[in-house]
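Trainee: Quick one, fold the following:
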Amino acid sequence: MTADGLFDPHGYARQRLPLERAYGLPAACYTAPEFFAREAERLFRPSWRLVGREDEFTGPGAFRTLDTAAGPIAVIRGRDGALRAFLNSCRHRGALLLDGHGDCTAVVCPYHAWSYGLDGALIAAPGMDRAAGFDRRGNGLVPVRLEAWGGFAFVNADAEAPGLLDSLGDLPEVLAPYRFAEMKCVRRAEFDVACNWKLLAENAMEEYHTGTVHRASLGQQQGEAVATRGDWDALYIRQDTTIAVLPGEASPLPHVPDLPAKHAQGTFFTMIYPALQFACTQDCMWWLDFQPRAVDHTRVSVGFAFPKSTTLLPAFPEAVKAYYRRWDISIGEDNAIGERQQRGMAALGRPPGRLSHKEHHVHKLANWVLDRVLD
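Mentor: Down below sits the predicted model:
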């Protein structure tokens, strides 16, 4: 596909067919910088971006930074207990203010020592005493929209974007039995993967690959499509025991109480478009946030949460090791196959391949992307 035809809707007729006759996306959708730039502008910039669990911000001054399609953002717990989000950029000359995550008593620019309170207000501006008409009150950090649901904090730098709950559709209703607000984050991890974000998102929503990529770990799984309303999708895997440990290993931790039948008998793998997965099983949940850095580079941010009551059990520190082992193995295998796919996509002249009936969610994500990216 030439660059001129990259955004021509007529070039994607085979991707728009019903699944039983459909083809996957052309390689250029995974390798062309122009396609990636359009995705950043139309998919990621107006989308709600997960920060993490509110319980990760343990007290005043606790902060976490993230890079988004709208630039760097910092989220800080104020002295009043409120979480606030700001552009992570000094109002003076634009230097990055905070890195990573941690705790601070104030936000101090490393360039000229402009200082901001935990509420974003400018509290010191050395050398500005002779600047005519300079007003500290008008030079605080630029606020960013922050909304929370179920103990999760999200940010959105687009003032015109729909609210978080409007975007989530009926996902909060479907996942309500897991009681996310009563959970606690117990582990975070990040991985840099040399592949396009869509390869990871597609892989996360199909069980077709599990018998090969995860042959020696998870084994073959069988999934069912779930009807959804809003910008999200779901795959359900029926299994009476938790899927969060390796097959054959004991699952020693208690289930979330009072789960309805479907939730108690399987696992929901969801995809909150464009690129955030919540995986919810009987005793815990975890998330994978696929953060695009370049057309062939994705940062995968992973978090794991259990009911607070479970984390207080004396046996928890030892029992949770089985869960970490399963996650580390499976995520590593998925990251490796994503990189292998990206390398294969570079083959010149490679035509798109046909999709299997097991790739319903791959087809659905592809068309969601095309609906927004094409002219």
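
Trainee: Straight-line length of stretch 241-258, end to end?
Mentor: Taking Cα to Cα, to the nearest Å, the first and last residues of stretch 241-258 lie 15 Å apart.

Trainee: and that stretch, which residues are buried?
Mentor: Residues of stretch 241-258 classed as buried by neighbour count (16 or more other Cβ atoms under 10 Å): 241-246, 251-253, 255-256. To be clear about C-beta, it is placed using only N, CA and C from the backbone, and glycine gets the same treatment.

Trainee: pretty sure Leu199 contacts Tyr30?
Mentor: Yes: with contacts counted by Cβ atoms under 8 Å, Leu199 reaches Tyr30, the gap being 6.4 Å.

Trainee: Pull up the overlap in contacts between these two.
Mentor: Counting by Cβ atoms under 8 Å, 6 or more residues apart in numbering, the common neighbours of Leu199 and Tyr30 are 341-342.

Trainee: so who does the residue nearest the centre of the chain touch?
Mentor: In the chain, the centroid-proximal residue (Cα atoms, centre = their mean) is Asp289; its distance is 2.2 Å. If you count contacts by Cβ under 8 Å, 6+ apart, Asp289 has them with 50, 275-277, 300-303.

Trainee: and if we set it to 6 Å?
Mentor: Applying Cβ atoms under 6 Å, 6 or more residues apart in numbering, we find Asp289 in contact with 50, 276, 301.

Trainee: Generate CSV for the residues you listed, with neighbour count, pLDDT and distance to His209 as supplementary columns.
Mentor: Shown next, in CSV, are the contacts of Asp289 (neighbours: other Cβ atoms under 10 Å; pLDDT from 0 to 100; distance: Cβ to Cβ, whole Å):
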residue, neighbour count, pLDDT, distance to His209
Leu50, 20, 97, 25
Leu276, 23, 98, 20
Ser301, 18, 96, 22
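
Trainee: Quick check: of those, which lies closest to Pro110?
Mentor: Set against Pro110, the nearest of the contacts of Asp289 by Cβ to Cβ is Ser301 (24.6 Å).

Trainee: Tell me the secondary structure at that closest one.
Mentor: With DSSP: H, G, I helix; E, B strand; the rest coil as the basis, Ser301 sits in strand.

Trainee: Could you measure from it over to Ala113?
Mentor: Using Cβ to Cβ, to the nearest Å, Ser301 is found at 31 Å from Ala113.

Trainee: Over to Glu147?
Mentor: 32 Å.

Trainee: Neighbour count for the two, which is higher?
Mentor: Higher neighbour count among Glu147 and Ala113: Glu147, with 16 against 13, using other Cβ atoms under 10 Å.

Trainee: isn't the more buried one right up against Leu164?
Mentor: Yes: using Cβ atoms under 6 Å, Glu147 is in contact with Leu164, at 4.1 Å.

Trainee: Between these two, which contacts overlap?
Mentor: Phe154.

Trainee: quick one: secondary structure of the residue of the chain most remote from its centre?
Mentor: When distances are taken from the C-alpha mean of the chain, Arg130 lies farthest, 45.7 Å away, according to Cα atoms, centre = their mean. Arg130 carries the three-state label coil when classified by three-state DSSP.

Trainee: Run through the stretch 1-150 of the chain and note the low-pLDDT ranges.
Mentor: Per-residue confidence for the stretch 1-150 of the chain (pLDDT under 70) gives these ranges: 1-4.

Trainee: 50 instead, please
Mentor: For the stretch 1-150 of the chain, no stretch is flagged by pLDDT under 50.

Trainee: how about the helices in it?
Mentor: Under the criterion DSSP state H, counting those that start in this stretch, the stretch 1-150 of the chain contains helices at 28-31, 33-39.

Trainee: Reformat those as JSON lines; add distance to Arg84 and mean neighbour count.
Mentor: Shown next, in JSON lines, are those (distance: least, Cβ to Cβ, whole Å; neighbours: other Cβ atoms under 10 Å):
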{"stretch": "helix 28-31", "distance to Arg84": "37", "mean neighbour count": "20"}
{"stretch": "helix 33-39", "distance to Arg84": "28", "mean neighbour count": "17"}
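
Trainee: Quick check: the nearest residue to Asp166 once chain neighbours are set aside vs Thr210, distance?
Mentor: Distances taken as Cβ to Cβ, 6 or more residues apart in numbering put Gly230 closest to Asp166, at 8.0 Å, once the chain neighbours are dropped. Going from Gly230 to Thr210 by Cβ to Cβ gives 27 Å.

Trainee: Give me the more crowded residue out of the two.
Mentor: Thr210 (21 against 17).

Trainee: ok, that one - contacts?
Mentor: Neighbouring residues of Thr210 by Cβ under 6 Å, 6+ apart: 218, 220-221.

Trainee: now do Arg77
Mentor: The contact partners of Arg77, by Cβ under 6 Å, 6+ apart, come to 57, 60, 62, 83.

Trainee: Just the ones in strands from the buried residues of stretch 241-258, please.
Mentor: Among these, no residue falls in strands (DSSP state E).

Trainee: can you redo the residues you listed as JSON lines with pLDDT?
Mentor: Compiled in JSON lines, these are given as follows (pLDDT from 0 to 100):
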{"residue": "Thr241", "pLDDT": "91"}
{"residue": "Thr242", "pLDDT": "94"}
{"residue": "Ile243", "pLDDT": "94"}
{"residue": "Ala244", "pLDDT": "95"}
{"residue": "Val245", "pLDDT": "94"}
{"residue": "Leu246", "pLDDT": "93"}
{"residue": "Ser251", "pLDDT": "82"}
{"residue": "Pro252", "pLDDT": "84"}
{"residue": "Leu253", "pLDDT": "95"}
{"residue": "His255", "pLDDT": "96"}
{"residue": "Val256", "pLDDT": "96"}
